[in-house]
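okay, here's the prediction I keep looking at, along with the sequence it came from:
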Amino acid sequence: MPRITHARAYLVDLEVETVRTDAVQSFLKQETIFVELKTDDGLTGLGYSYTIGTGGAAVLSMLREHLVPRLVGMDAANVEQIWMDLFASTRATTTGAITSLALAAVDTAVWDLKSKRAAAPLWQVAGGFRQDVPLYDTEGGWLHLSTEELVSSAKASQAAGWPGLKVKIGKPHVSEDVERLRAVRDAVGPRMDIMVDANQSMTGPEAIRRARALEPLDIFWIEEPMPADDVSGHVRLAEATSIPVAVGESMYSVAQFREYLQRGAAGIVQVDVARIGGITPWLKVAHLAEAFNVAVCPHFLMELHVSLLAAIPNGRYVEHIPQLRAITKSEMTIADGRALAPNTPGLGIDWDMDAIDKRVVA
């Protein structure tokens, strides 16, 4: 029984690697919340979570004041027990973003320990389906970019062998979105997957209108067209368009995914390991999606999601948005448009602890 002897939480600010804009916001910075666990058998696990610009201090407060003190003395091998004990201790705030983000920082640290103790990489410990997964690019598709810049980035991604790319939508008039995407489709031809992302910016009728306008361009999915709590709106959209509807980055419980899947409102599941509460519930959502014959294409956190997607049979795409290079010693391996899950035991992220320490703000 490897007992937890030390638990620490802290907050690190990461600068944005490139200008990123969508229909509702700009990516200002990444507030990264770390949890460090040590056990009496000599292992150290490092887990993390994040927010985009705001809320990091609230997550850290939840960890320091409520969750971290419970960890010392727990059996680190009992992953489900730890997660459920912490979840049950936060009944007054569940289900919600702050609690889920805090749980994720702990849970990823526990899985880091689990994988290191097994002396096996996370992609095998979590399931072990395959080691490499397809990659799609988001960095060349931001809303502020001109049509010419979108086309140039799309051609570069295609030349690199990447099978897919994503373009943000939500311009003031539907004709602008159509014009930009038609230029990209003409540039890359019919064989490259093009995804679009509206970032919850539309009403139900507008989402249907724009989806129908985009159908002739063979769009691979339309992502977060409406607010995530509008399940019925997503049901109507899924019934009205041939484009698969992608949701999940703004959902914080397994039950939310269950409702979307049961009602046929999710054609692609984009579960985010930080926002769902860690690897433990992430795998439950992935297996739930498999039961509904739905593919998983997780949101953000590519350095961690590459291993989780490689663990499951219904993983379809990893999203390429590099954001940890300032605090890691090496990068995710990419070859022929595919991301390779690391073989090192643990989460597989090559942390630069000196760089992390220099960026601690709380």
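Sure, I can see it. Residues are numbered from 1 along each chain as shown.

residue 10 against residue 31, yeah?
No - look at residue 10 against residue 31 with CB atoms under 8 Å: they stay out of range, at 11.3 Å. In short, each C-beta sits where N, CA and C put it, glycine included.

between those two, tell me which one has more neighbours.
Between residue 10 and residue 31, counting by other CB atoms under 10 Å, residue 31 is the more crowded of the two (24 against 19).

now the helices for the stretch 51-200 of the chain?
According to DSSP state H, counting those that start in this stretch, the stretch 51-200 of the chain carries its helices in the segments 56-62, 68-71, 79-88, 97-118, 122-125, 147-159, 174-188.

show me what the longest one is packed up against.
The reference is to helix 97-118. On a contact count with 3 or more CB pairs under 8 Å, 6 or more residues apart in numbering; DSSP states H and E, helix 97-118 meets strand 29-39, strand 44-52, helix 56-62, helix 79-88, helix 122-125, helix 273-276, helix 279-291.

kindly calculate the angle that that helix makes with strand 44-52.
Here the directions of helix 97-118 and strand 44-52 differ by 150 degrees (axes from the mean of the first three to the mean of the last three CA atoms, to 10 degrees).

center of this protein, which residue is that?
When CA atoms, centre = their mean is applied to the chain, the residue found nearest the centroid is residue 299 (2.8 Å).

how about the contacts made by that residue?
Applying CB atoms under 8 Å, 6 or more residues apart in numbering to residue 299 gives the contacts 248, 249, 270, 271, 272, 275, 319.

mind doing that once more with 7 Å?
Contacts for residue 299 were tallied using CB atoms under 7 Å, 6 or more residues apart in numbering; they are 248, 249, 270, 272, 319.

counting neighbours, what do you get for the residue nearest to it when sequence neighbours are not counted?
Closest residue to residue 299 apart from its sequence neighbours, by CB to CB, 6 or more residues apart in numbering: residue 249 at 3.6 Å. Residues within reach of residue 249, counting by other CB under 10 Å, total 21.

what pLDDT does residue 249 get?
At residue 249, the pLDDT value in this model is 95.

can I assume it is in contact with residue 270?
Yes - at 5.1 Å, residue 249 counts as touching residue 270 under the criterion of CB atoms under 7 Å.

quick check: phi and psi at the residue lying closest to residue 267 once chain neighbours are set aside.
Spatial nearest neighbour of residue 267, excluding adjacent residues (CB to CB, 6+ apart): residue 244 at 3.1 Å. For residue 244, the backbone dihedrals (degrees, to the nearest 10) come out as phi -60, psi 140.

neighbours of residue 244, how many?
Using other CB under 10 Å, residue 244 is surrounded by 18 other residues.

need the contact list for residue 212.
Counted by CB under 7 Å, 6+ apart, residue 212 has contacts residue 241.

that one falls within a strand, correct?
No - membership of residue 212 in a strand is not supported by DSSP: H, G, I helix; E, B strand; the rest coil, which gives helix.

going forward, begin numbering at 421 instead of 1
All set: I'll call the first residue 421, so the last point we hit is now residue 632.

for residue 759, list the residues it contacts.
552, 553, 555, 722, 726, 738, 752.

can I assume the fifth one is in contact with residue 553?
Yes - look at residue 726 against residue 553 with CB under 7 Å: they come within range, at 6.4 Å.

how near is the closest residue to residue 644 other than its chain neighbours to residue 443?
Excluding its sequence neighbours, the residue lying closest to residue 644 (CB to CB, 6+ apart) is residue 620, at 4.8 Å. Using CB to CB, to the nearest Å, residue 620 is found at 8 Å from residue 443.

compare residue 726 and residue 553 (neighbour count), which wins?
Per other CB under 10 Å, whichever of residue 726 and residue 553 has more neighbours is residue 726, with 30 against 24.

related to what we said a few turns ago, and of the helices of the stretch 471-620 of the chain, who's closest to residue 426?
With CB to CB as the criterion, residue 426 lies closest to helix 488-491 of the helices of the stretch 471-620 of the chain, at 8.9 Å.

which secondary structure elements does the closest one sit against?
Applying 3 or more CB pairs under 7 Å, 6 or more residues apart in numbering; DSSP states H and E, we find helix 488-491 packed against strand 424-435.

can you give me the buried ones in the strand it packs on?
424, 427, 429, 430, 431, 432, 434 (16 or more other CB atoms under 10 Å).

again, but for stretch 501-521
Under the neighbour-count criterion of 16+ other CB under 10 Å, stretch 501-521 has 502, 503, 506, 507, 510, 514, 517, 518, 519, 520, 521 buried.

wait, the first one sits on residue 493?
Yep, that's residue 502 we're talking about. No - if you go by CB under 7 Å, residue 502 and residue 493 don't touch, sitting 11.2 Å apart.

so what's residue 448 scoring on pLDDT?
Note for residue 448: predicted pLDDT of 81.

repeat for the one 4 residues further on
pLDDT, residue 452: 97.

spit out the contact partners of it.
By CB under 7 Å, 6+ apart, the neighbours of residue 452 are 432, 434, 468, 470.

name the nearest residue to it, ignoring sequence neighbours.
Nearest residue to residue 452 in three dimensions, chain neighbours excluded: residue 432, at 4.5 Å (CB to CB, 6+ apart).
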